[in-house]
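In: Give me a 3D structure for the following:
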Amino acid sequence: MMPSETVRHGDETMLRRLASLSLAVVLAVGGAVGCDGDRREGIRPEDLTYEPLEFTPPNPTDYRTELSNGLVVYLAEDHEIPWFDASLLLRDGPFLEPPDKIGVASLTQRLMREGGTTSMTGEDMDERMDYLAGSVTATRLSIHMRHLDEGLGLWLDILNNPAFPADKLRRQKEAALVSIQNRNQNVTTVAGRTFNDLIYGEDSPITAQQTEGMVNGFTRQDLLNWHQKYWGANNAILVVAGAFQRDEMLQKLEETFGQWRHAEKAEPPIPEVQQAAEAGVYMIEPEVIPNQGVIRIGHVGVMQDDPDYPAVDLMNYILGGGSFSSRITKVVRSDQGLAYSTGSSFSGGTLYPGTFAASCQTKNSTVVFAAQLMLNEIERIRTEPVPQEDLEFARTARINAFPAMFAGGGMGGGSGIFRTLGNFASLEFNGRPMDYYDKYVERYEQVTVEDVQRVAQEYLRPENMIIMIAGNISESRAGADELLPNQATIDEMAALFGGRTLDGLATKYGDGTVRILELK
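Out: Here you go, the predicted structure:
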């Protein structure tokens, strides 16, 4: 079986399983109430049995090649429709950006397409691509095979000859300034930015923010210099899939991308991460004061390739990452009715450690109560072994979702094989183990209940816990009033966490100080 066929077989297996589950739900519902209104026994989804899911990802080496100029290409045939998809991974930022030029990498990339080239304006390119029913950016081409030669020509023109016209640069700068002026108004935006600042530090390139001075200072020459410095074959990986013959496409790519110049070798300095802020309670108030507060509770996380990450991921699935099956969602949303959106994430970083974050958005008077409930669940999973059935549920969810990583569609578009090639290219681009997907299922299958409790105790760290609230400071800090229907649980949490206000949490998880932060 060819690798591309393996991917499609995985897609079909997953789709058949989803179809079976949908049918089971219909039968269960339809069988529960008969046409005459009498209740009848039907097939319940949990009573269904399936053959074990078998899915083997293809081998990356079957698709990898290099052009004469050293450009790495991941290439595969896909004859389902007469279409061509290609994307370019380019190593040009953000860690390469000077401290006074934050955003120059993304600005350069946008204007390479919007601004057009030295031979074709952006508007003319828009019109032409509309006529061809395709799309092209600086890093992506999607087009019918009959128009491939013209599409590749336009793409290479963008890569080699961007114009960076002054009027388009001015328009981009105006939009950036509006964004900067408004970024302290939305409570969710303020919460996310502030939490990351507390984790990584305000001076870290991970969290670096543009200023109005930076934006006003951008010149056309800055973009020309950045393009000249980093946009070249030795800093890129090309992903290509479509209805072509492999040998013919390799020759076509050699005649086009094989002539792409070399640039200065991009070697971005990956920042070392140590948690910037000490444990404790932090509050910040957006410019537009909301009637709800956003809570982020967490600390610095782990790397995705850490041997413990599958156990950490399953632990977090049980804690708050498994939507309605998770503990935080059940307690905060279903049981107490405090929030529509709540849960937790334990992101594994690829270049630097990610974050652990339990989150919730709730009305000001229940901010303290919701935070206490989440902290209580964090402590419970650290101290009590999870039931075997909870682990099996989480493990099954993760393993059954594995084939979807190679399925087509989604936000990125493209076919299953195109997404598969993108996965492989990303591994190489980020310097990760190329056998990551080969060992994925096995690593999850090996996790035990004891592993879950061990990683919960090791990687959920109360001594580093940051409790950050964005919202109305005075109302959120005061805690729950006496008019809520959850008084018994409120009193229980207050007894565990030092009272009904944020000051109790500040004492338990810090030095007793609630730190009020200023907007940046």
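
In: Tell me where the stretch 151-300 of the chain has helices.
Out: With helices called from DSSP state H, counting those that start in this stretch, the stretch 151-300 of the chain shows them at 166-182, 187-200, 212-217, 220-230, 246-256.

In: would JSON lines of those with mean pLDDT and mean neighbour count be doable?
Out: Every C-beta, even on glycine, is put in place using the N, C-alpha and C of the backbone. Below are those laid out as JSON lines (pLDDT from 0 to 100; neighbours: other C-beta atoms under 10 Å):
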{"stretch": "helix 166-182", "mean pLDDT": "96", "mean neighbour count": "14"}
{"stretch": "helix 187-200", "mean pLDDT": "97", "mean neighbour count": "22"}
{"stretch": "helix 212-217", "mean pLDDT": "96", "mean neighbour count": "14"}
{"stretch": "helix 220-230", "mean pLDDT": "98", "mean neighbour count": "17"}
{"stretch": "helix 246-256", "mean pLDDT": "97", "mean neighbour count": "14"}
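
In: any chance of those in CSV, with distance to Ile143 too?
Out: Putting those into CSV (distance: least, C-beta to C-beta, whole Å) gives the following:
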stretch, distance to Ile143
helix 166-182, 24
helix 187-200, 36
helix 212-217, 34
helix 220-230, 23
helix 246-256, 13
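
In: of all those helices, which lies closest to Ser68?
Out: helix 246-256 (6.3 Å; C-beta to C-beta).

In: still on that earlier bit, right, and the helices of the stretch 151-300 of the chain - which one's nearest Glu475?
Out: Using C-beta to C-beta, the nearest of the helices of the stretch 151-300 of the chain to Glu475 is helix 187-200, at 12.8 Å.

In: Out of the helices of the stretch 151-300 of the chain, which is closest to Arg146?
Out: helix 246-256 (14.0 Å).

In: can you give me how far stretch 501-520 is from the chain middle?
Out: Put simply, stretch 501-520 sits 29 Å off its chain's centre (C-alpha atoms, centre = their mean, to the nearest Å).

In: Stretch 331-339 too?
Out: 25 Å.

In: mind checking the end-to-end distance for that stretch?
Out: 10 Å (C-alpha to C-alpha, to the nearest Å).

In: List the contacts of that stretch.
Out: Residues from elsewhere that reach stretch 331-339, judged by C-beta atoms under 8 Å, 6 or more residues apart in numbering: 324, 340, 342, 360-363, 366, 369-370, 373-374, 376-377, 486, 489.

In: 7 Å instead?
Out: 340, 342, 360-362, 366, 369-370, 373-374, 377, 486, 489 (C-beta atoms under 7 Å, 6 or more residues apart in numbering).

In: what's the answer for stretch 423-431, then?
Out: 60, 63, 72, 74, 89, 237, 239, 350-351, 405-406, 434, 436-437.

In: Pick the one among those residues closest to Gln457.
Out: Thr350 (25.3 Å).

In: about what we covered before: which stretch among the helices of the stretch 151-300 of the chain approaches Arg395 most closely?
Out: helix 187-200 (28.5 Å).

In: report the angle between the axes of the closest one and helix 166-182?
Out: Orientation check (axes from the mean of the first three to the mean of the last three C-alpha atoms, to 10 degrees): helix 187-200 against helix 166-182 gives 90 degrees.

In: okay, now the domains of the chain?
Out: Domains of the chain are assigned by automatic domain parsing as 3-47, 64-259, 280-405+447-516.

In: got a list of what Thr129 touches?
Out: Just so we're on the same page, residue 129 is Met rather than Thr. 135-136.

In: got a pLDDT number for it?
Out: Reported pLDDT at Met129 in the predicted model: 97.

In: what do you get for Arg477?
Out: 89.

In: And for Gly416, nearest residue in space, chain neighbours not counted?
Out: Closest residue to Gly416 apart from its sequence neighbours, by C-beta to C-beta, 6 or more residues apart in numbering: Gly408 at 4.2 Å.

In: which residues does Ala105 contact?
Out: With C-beta under 7 Å, 6+ apart, Ala105 has these contacts: 92-94, 97, 226.

In: name the element it belongs to?
Out: Element membership of Ala105 [criterion: DSSP states H and E] is helix 104-114.

In: Same question for Arg515.
Out: strand 514-516.

In: Just the buried positions in that strand, please.
Out: Buried residues in strand 514-516, counted by 16 or more other C-beta atoms under 10 Å: 514-515.

In: swap in stretch 375-390?
Out: 375-378, 381-382, 386, 390.

In: Next: stretch 268-281.
Out: Applying 16+ other C-beta under 10 Å to stretch 268-281 flags 271, 273, 275-277, 279-281 as buried.

In: just checking, which of those residues belong to strands?
Out: Counting by DSSP state E, the part of the buried residues of stretch 268-281 found in strands is 280-281.

In: which one of the buried residues of stretch 268-281 sits closest to Gly499?
Out: Of all these, Val281 has the smallest distance to Gly499: 12.5 Å, by C-beta to C-beta.

In: Just list whatever residues bridge to the closest one.
Out: Ile467, Val514 (DSSP bridges).

In: I'd say it and Asp503 touch.
Out: No. If you go by C-beta atoms under 7 Å, Val281 and Asp503 don't touch, sitting 8.1 Å apart.

In: so what's in contact with the two at the same time?
Out: In contact with both Val281 and Asp503: Val514, using C-beta under 7 Å, 6+ apart.

In: Mind checking the helices of the stretch 151-300 of the chain for the one nearest to Glu463?
Out: Of the helices of the stretch 151-300 of the chain, the one closest to Glu463 (C-beta to C-beta) turns out to be helix 187-200, at 14.9 Å.

In: Give me the distance from the closest one to the chain's centre.
Out: That offset, for helix 187-200, works out to 16 Å (C-alpha atoms, centre = their mean).

In: Need the contact partners of that helix.
Out: 183-184, 206-207, 273, 275-277, 282, 284, 286, 290, 294, 296, 299-300, 355, 357, 466, 468, 470-471, 517.

In: Also stretch 173-182?
Out: For stretch 173-182, contacts defined as C-beta under 7 Å, 6+ apart pick out 210, 212, 215-216, 218.

In: Recalculate using a threshold of 6 Å.
Out: 212, 215 (C-beta atoms under 6 Å, 6 or more residues apart in numbering).

In: go on, stretch 93-103?
Out: So stretch 93-103 is contacted by 104-105, 205, 208, 210, 214, 268-269 (C-beta under 6 Å, 6+ apart).

In: Also stretch 468-475?
Out: 187, 190-191, 195, 282-285, 289-290, 293-296, 364, 367, 476.
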